[in-house]
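Enquirer: quick one: sequence plus predicted model below, questions after.
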Amino acid sequence: MSTIKIRAKAGGKVTKVSALIDHPMETGMRKNKKTGKKIPAHFIQEVVCELNGVVVLTALWGPAVSKRPFLQFKLDNAKKGDTIKLSWVDNKGEKDSAEAKIA
Amino acid sequence: MKKLLTIAATLGLMCTGSIAVQASPQQDLKAFRSYFAKRFPDVPFQEFANGVYAIDKASRAQWESIEEFPPYELSVDKGKALFEKPFKNGKTYASCFRNGGIGIKQDYPYFDTASGEVVTLEGAINACRVKNGEKPLGWKKGKIADISAYMAYTSRGNKINVKIPSDPRAIAAYEQGKNFFYAKRGQLNMSCADCHQWNAGNRIRADLLSPALGHVTHFPVYRSKWGALGTLHRRYGGCNKQVRFKPFKAQSPEYKTLEYFESYMSNGLKLNGPGARK
């Protein structure tokens, strides 16, 4: 099951893309209440969005972004039926991606 | 107390015959609805299910933009997976509920005349687990909230239909919940009604007080404050702490009867859970 839920809606001039990513985004500063040890950092470092294979957005994130990040942005020069692909890589090297067609 | 109940019961029996023998709670319900209709004359009845977003434009706009991509979506998916996963003995949750557990939240909580207890949806979920040899889940958040969220989601649009059978224990449970709602408590000496009825729509520091009519429709709720989904009893505990009252445990008789009263007062409103709130 993908960790990314993505929706893209075509407006008048502009397409709005929204994505909800299921990721813990651990800062590395929180302590485990039972053991007292720090919970290791686990956060998304890079998010890339492609429109029909061309990169339109690169986001460089850090531990300041909260758990289950919600990303929303607008694109122009996009029309109904185009493919949006969103992918992320985190500090542990894990990755995921999801695709959606613009509605 | 017993005398009051007898008087109320007698008055109830003297009421018109077309209503079932629940006259006292029915009278309460009528008074409750007309209070809120008077206090918020521009809000249509069904809109009360949206709480403060029915009475405040600015926060409604923010809420609507959050609902475009609701934070509880992931929990509903998780809840569905948990709901459909069989127990170790091969059975599933569907075997414990009417209609396989789909679209049934409007019946909860109900008064079980066999055991003499109020049964809430979360209570029924854990009872199902125990019946099938599994350990019960925590009451306030996590898996039970996810499962409850899925069941609430399948029941969206159904009108709350809590029944009070003509059993003196059921009436007593209803009355216990009603008394809890109107009783002052805590260091701040406030009742649920102080905020959610007499001051509904007024500001409390930076927040708006929600009307008690429609309180329960959107639970379990994703609260931005919690950053997660929580059950109704989790919120009851939090609310009690806020008036500096040591809260009762989730699914205690006090909170179950409070839920019974509150849900009955929201009868007829369409379920819209799980919800997203500040």
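Expert: Noted; the coordinates are in hand. Numbers count the residues shown, from 1 in each chain, chains lettered A, B, ... in the order given.
Enquirer: can you tell me the helix or strand for the residue in chain A that chain B sits nearest to?
Expert: Here the residue of chain A nearest chain B is residue A:18; by C-beta to the nearest C-beta that distance is 4.8 Å. From N, CA and C alone the C-beta is placed, and that goes for glycine too. Using DSSP states H and E, residue A:18 sits in strand A:15-21.
Enquirer: which helices and strands sit right next to the very next helix or strand once past that strand?
Expert: Using DSSP H and E, the helix or strand that follows strand A:15-21 in sequence is strand A:44-51. Strand A:44-51 makes packing contacts with strand A:54-60, strand A:70-75, strand A:83-90 when contacts are defined by 3 or more C-beta pairs under 8 Å, 6 or more residues apart in numbering or on different chains; DSSP states H and E.
Enquirer: of all those strands, which lies closest to residue A:46?
Expert: strand A:83-90 (5.0 Å; C-beta to C-beta).
Enquirer: now the very next helix or strand once past the closest one - C-alpha only, PDB.
Expert: As assigned by DSSP H and E, the chain's next helix or strand after strand A:83-90 is strand A:95-101. Extracted C-alpha coordinates of strand A:95-101, given in PDB (Å, rounded to 0.1, in the frame of the first residue of the first chain):
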ATOM      1  CA  LYS A  95      11.400   5.800  -0.800                       C
ATOM      2  CA  ASP A  96       7.900   5.700  -2.300                       C
ATOM      3  CA  SER A  97       6.000   7.300  -5.200                       C
ATOM      4  CA  ALA A  98       2.500   7.600  -6.500                       C
ATOM      5  CA  GLU A  99       0.900   8.700  -9.700                       C
ATOM      6  CA  ALA A 100      -2.400  10.300 -10.500                       C
ATOM      7  CA  LYS A 101      -4.100  11.700 -13.500                       C
END
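Enquirer: surely residue B:272 touches residue B:214?
Expert: No: in this structure residue B:272 lies outside contact range of residue B:214 using C-beta atoms under 8 Å: 9.1 Å.
Enquirer: which neighbours do those two share?
Expert: B:49-50 (C-beta atoms under 8 Å, 6 or more residues apart in numbering or on different chains).
Enquirer: which one's more surrounded, the two?
Expert: Comparing residue B:272 with residue B:214 by other C-beta atoms under 10 Å in any protein chain shown, the one with more neighbours is residue B:214, at 25 against 20.
Enquirer: mean confidence score for stretch B:88-99?
Expert: Mean pLDDT, stretch B:88-99: 94.
Enquirer: and the strand holding residue A:18, what does it pack onto?
Expert: strand A:4-10, strand A:70-75, strand A:83-90.
Enquirer: and the closest residue to chain A within chain B, what helix or strand is that in?
Expert: Scanning chain B for the residue nearest chain A gives residue B:69, at 4.8 Å (criterion: C-beta to the nearest C-beta). Under DSSP H and E, no helix or strand contains residue B:69.
Enquirer: now the strand holding residue A:18: average pLDDT?
Expert: 91.
Enquirer: what's the pLDDT at residue B:16?
Expert: pLDDT at residue B:16 comes out at 47.
Enquirer: tell me who's in contact with the most centrally placed residue in chain B.
Expert: Centroid-nearest residue in chain B, with C-alpha atoms, centre = their mean: residue B:216, separated by 3.5 Å. Going by C-beta under 8 Å, 6+ apart, residue B:216 touches B:160, B:232, B:259, B:262-263, B:266.
Enquirer: what is the nearest of those to residue B:142?
Expert: Distances from residue B:142 to those, taken by C-beta to C-beta, are shortest for residue B:232, at 14.9 Å.
Enquirer: need the contact list for the residue of chain B closest to chain A.
Expert: Residue B:69 neighbours (C-beta under 8 Å, 6+ apart): A:5, A:7, A:18, A:20, A:70, A:72.
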